[in-house]
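Novice: Predicted model, plus sequence, below.
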Number of protein chains: 2
Amino acid sequence: MSEIAVRLRDVVAASDAYRQTTARLLGLGVPETTILVHLLHDGPRTPTALARRVGVTPASVTAQLDRLELAGHVVRQANPRDRRSVLVALTPAGRALVDRIFAVFRADVARGTADTDPAILDEVARILGEVSQHLTERAHDEPGMARDLGLQTAR
Amino acid sequence: MSEIAVRLRDVVAASDAYRQTTARLLGLGVPETTILVHLLHDGPRTPTALARRVGVTPASVTAQLDRLELAGHVVRQANPRDRRSVLVALTPAGRALVDRIFAVFRADVARGTADTDPAILDEVARILGEVSQHLTERAHDEPGMARDLGLQTAR
DNA sequence: ATCTGTGGTTCGACCGTCGAGATATCAGTC
DNA sequence: GACTGATATCTCGACGGTCGAACCACAGAT
C-alpha cells in the first residue's frame, strides 16, 4: 500500500513549518509571502483575483497589500481596462525578494529529489498536478463534500 | 524540466483551501482539524508534543484543546508516568469524526492517482517522504535558512 | 437613463497565536 | 531529605489575520 495521502499530509505539515520560518526571517507574515509567490508566477493581478487564488476574502487581501505596499514590495497600478479595479504588481525590490524565496525553496525541494531518475520526477510532477487539481475542485464543491463527510445537507 | 517545486506549491495551496472547507463544514477551525488528524495517526500525545508536531507554541495548543474537549472530540487524561503532564486522546466520537475526515481526504487523493501504476505510486510516496523530511529539517535550521535567503546574521 | 452586477475598500468583531509569568512536578546532586 | 535546574501546563494580555456587512465607483446590459 503506497498511502500517498499520509505522505501528502506530511508534506503539507512540513511546508507549513517551512513557510512560517521563511516569513518570520523576512519580517513578513505567511499570507504576505504567499501573495508574493503567486504574484511571481501569475504576473500582475487584481486583488480579487489574488483573493480567489489564495483562498481568502478580498477584504483580507486589502490589508495584506497595504503592508506589502508599505514595505515597497508591490505597487497598486491603475487598470486601464477597468477604472474600478487596480493591478497589483511586484516592484523590482519585491521581485528580487520573492525570487530569492522561491529559489531557496526550489533548492530545498531538489535536495529531496536529487538521487531520483528524471523520468520518474516528471511522473511525480504530473501526479502532483492531478492531485492538486482534484483537491481544488473538491474544496469548492461544498455540497459534495458535506455529503461525503456524512453531514445533513440542512437548510 | 520537471519543476516539482511549482507543483508542490500548487498542492500546498490546494490543501489549504481543502482543509479550510472541511473545517468550516464541520464547525471547526483549521488548527483543530490538524490536531485531530495528528492524534489519529500518532495516538495519544502530550500537548507540547502536539505543539511541536503542528508547529505552534504549547500556549496555542491549550486553547485548541479547550475547544476540542468542550466539543467532546478529545479528553485530557492524567499521565501516569509524569504527573506534570497530560495525555490527549481521541474520544470515540472524535475518533469517528477524524476517521471520516481522513477517509474523505484519502478518497480525494486517490481520485487523482487512480490511473497510475502502483509501482510508480510507491516511488512517489517515497519521494514525498524525502521531500517532507528535508523541508522539516530546513524549517528548523534558521541560521542556514537566513544565510541562503541572503540576510545579515545580525545581532 | 436606469438598473444590476462587480471591484475595492473600510469598519467592527472574533479567532488564533504568541511571550511572559505562575504553578506543579521531575531528575539529579549534595 | 533538601536544593537546584529543567520541563509540562496553564493563564493572561496584546497583536495580527480574517471575516461579513456596508459603502462608493464604475461597468455592462436594457
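Specialist: Received it, and whenever you're ready, just let me know what you need.
Novice: Identify each of the helices in chain A and give its residue range.
Specialist: For chain A, the helices defined by DSSP state H cover A:4-26, A:30-42, A:47-54, A:58-70, A:92-113, A:118-139, A:142-148.
Novice: who wins for proximity to B:D42 among the ones you listed?
Specialist: Closest approach to B:D42 among the helices of chain A (C-beta to C-beta): helix A:4-26, 11.4 Å. Where C-beta positions appear, they are placed from N, C-alpha and C, glycine not excepted.
Novice: rewinding a little: please work out which of the helices of chain A is packed deepest.
Specialist: Ranked by mean neighbour count, these are led by helix A:4-26 with a mean of 21 (mean count of other C-beta atoms under 10 Å in any protein chain shown).
Novice: name the helices or strands packed onto it?
Specialist: For helix A:4-26, the packing partners by 3 or more C-beta pairs under 8 Å, 6 or more residues apart in numbering or on different chains; DSSP states H and E come out as helix A:30-42, helix A:92-113, helix B:4-26, helix B:30-42, helix B:92-113, helix B:118-139, helix B:142-148.
Novice: Pull the distance from that helix to the chain's centre.
Specialist: Remark: helix A:4-26 is offset 12 Å from the chain centroid, using C-alpha atoms, centre = their mean, to the nearest Å.
Novice: now stretch A:39-52
Specialist: Per C-alpha atoms, centre = their mean, the centroid offset for stretch A:39-52 relative to its chain is 10 Å.
Novice: How about the residues of chain A by DNA strand D?
Specialist: A:29-32, A:55-57, A:59-60, A:63-64, A:67, A:82-84 (C-beta under 7 Å from any atom of the strand).
Novice: ok, A:I101 touching A:I35?
Specialist: No - counting by C-beta atoms under 8 Å, A:I101 does not reach A:I35; the two are 11.7 Å apart.
Novice: Next, format the helices of chain A as JSON lines and append mean pLDDT and distance to DNA strand C.
Specialist: Shown next, in JSON lines, are those (pLDDT from 0 to 100; distance: least, C-beta to the nearest atom of the strand, whole Å):
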{"stretch": "helix A:4-26", "mean pLDDT": "90", "distance to DNA strand C": "7"}
{"stretch": "helix A:30-42", "mean pLDDT": "93", "distance to DNA strand C": "10"}
{"stretch": "helix A:47-54", "mean pLDDT": "93", "distance to DNA strand C": "3"}
{"stretch": "helix A:58-70", "mean pLDDT": "94", "distance to DNA strand C": "3"}
{"stretch": "helix A:92-113", "mean pLDDT": "92", "distance to DNA strand C": "16"}
{"stretch": "helix A:118-139", "mean pLDDT": "89", "distance to DNA strand C": "18"}
{"stretch": "helix A:142-148", "mean pLDDT": "87", "distance to DNA strand C": "19"}
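Novice: can you tell which of those is closest to B:Q20?
Specialist: helix A:118-139 (7.2 Å).
Novice: List the residues that contact the residue most central in space within chain A.
Specialist: With distances taken as C-alpha atoms, centre = their mean, the residue of chain A nearest its centroid is A:T34 (5.0 Å). By C-beta atoms under 8 Å, 6 or more residues apart in numbering or on different chains, A:T34 lies in contact with A:R19, A:V54, B:A13.
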